[in-house]
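# no sequence on this one, just coordinates:
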DNA sequence: TAGTGACG
DNA sequence: ACCG
């Protein structure tokens, strides 16, 4: 048994669909994000202890993820306005269907939440687990748009050294099965690598079944 | 708590 | 200075 090889092996539930969405489609997704942020602008959120995130977020779908002095949670409306989150665009549902058709691991997935994170060149996301969802066996599907990112995929403990994975514009990442509970984050953003000229920085769209 | 940095 |  080659221990080094074993240590470097990525979990089978982590599926990286490289260059899955073509540039034209990516631009359509960006148009939908523009519509969403017009209704519900990107906002800087805080941790429970008052710490600042370097990303800015908004949501669409029935539920949206939020963090403030009360902690992490899903809400059915924007806590800053009391308005319901914008509707999940049909185009996003289409991406989910196309993704499911191309992976052997999941047959159905009906997300009720889409967290939209915007990363500028200096944004990072520390290692964390997604565990605010009701059913933690449901996968999480992430779309990357804009600048290239170094994605960290770690273990079940934060102390485990993460492996790095490049996420480019148009890539789709599925965290399911054994990969679902793993610590993960974004180590860095590569400035001016976006294939979409008018997009500076990176958007990630993470689809969850939260409720 | 998905932050940051002080501290050992 | 670097790591956890």
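Nice, I can see it. Note that the structure is predicted; figures quoted are calculated from it, not measured.
# elements contacting the longest helix seen in chain A?
If you go by DSSP state H, chain A has its longest helix at helix A:23-39. Applying 3 or more CB pairs under 8 Å, 6 or more residues apart in numbering; DSSP states H and E, one finds that helix A:23-39 makes contact with strand A:56-60, helix A:90-101, strand A:113-119, strand A:140-146, strand A:202-208. C-beta coordinates here come from the backbone N, C-alpha and C atoms, glycine included.
# now the longest one: mean pLDDT?
The reference is to helix A:90-101. Average pLDDT, helix A:90-101: 97.
# any idea how far that helix is from the chain center?
Centroid separation for helix A:90-101 versus its chain: 15 Å, with CA atoms, centre = their mean, to the nearest Å.
# can you check the last one too?
Taking the mean C-alpha point of strand A:202-208 and that of its whole chain, the gap between them comes to 3 Å (CA atoms, centre = their mean).
# Paired strands for it, with orientation please.
Here strand A:202-208 is paired, per DSSP bridges, with strand A:113-119 (antiparallel), strand A:140-146 (antiparallel).
# quick one, which of these is nearest to residue A:100?
Among the strands paired with strand A:202-208, strand A:140-146 comes nearest to residue A:100, with 8.7 Å by CB to CB.
# got the angle between the closest one and helix A:90-101?
Counting by axes from the mean of the first three to the mean of the last three CA atoms, to 10 degrees, strand A:140-146 points 120 degrees away from the direction of helix A:90-101.
# Kindly report the residues of chain A close to DNA strand B.
A:47-54, A:65, A:67, A:71-72, A:115, A:124-128, A:130, A:132, A:158, A:185, A:206 (CB under 7 Å from any atom of the strand).
# which of the residues you listed count as buried?
Among the residues of chain A next to DNA strand B, the ones that count as buried by 16 or more other CB atoms under 10 Å are A:53, A:65, A:67, A:115, A:124-125, A:127, A:130, A:132, A:185, A:206.
# Extract the residue ranges of chain A that are flagged as low pLDDT.
Applying pLDDT under 70 to chain A picks out residues A:1-8.
# So what's the residue count around the spatially closest residue to residue A:76 that is not a sequence neighbour?
Spatial nearest neighbour of residue A:76, chain neighbours left out: residue A:63 (5.9 Å); criterion: CB to CB, 6 or more residues apart in numbering. When neighbours are counted by other CB atoms under 10 Å, residue A:63 registers 25.
# need the contact list for residue A:63.
If a contact means CB atoms under 8 Å, 6 or more residues apart in numbering, then residue A:63 has A:74-76, A:85, A:112-113, A:210-211 as its contacts.
# Relative to DNA strand B, how far out is it?
Distance, residue A:63 to DNA strand B, using CB to the nearest atom of the strand, to the nearest Å: 12 Å.
# in the sheet, who's paired with that residue?
Beta-bridge pairing for residue A:63 (DSSP bridges): residue A:113.
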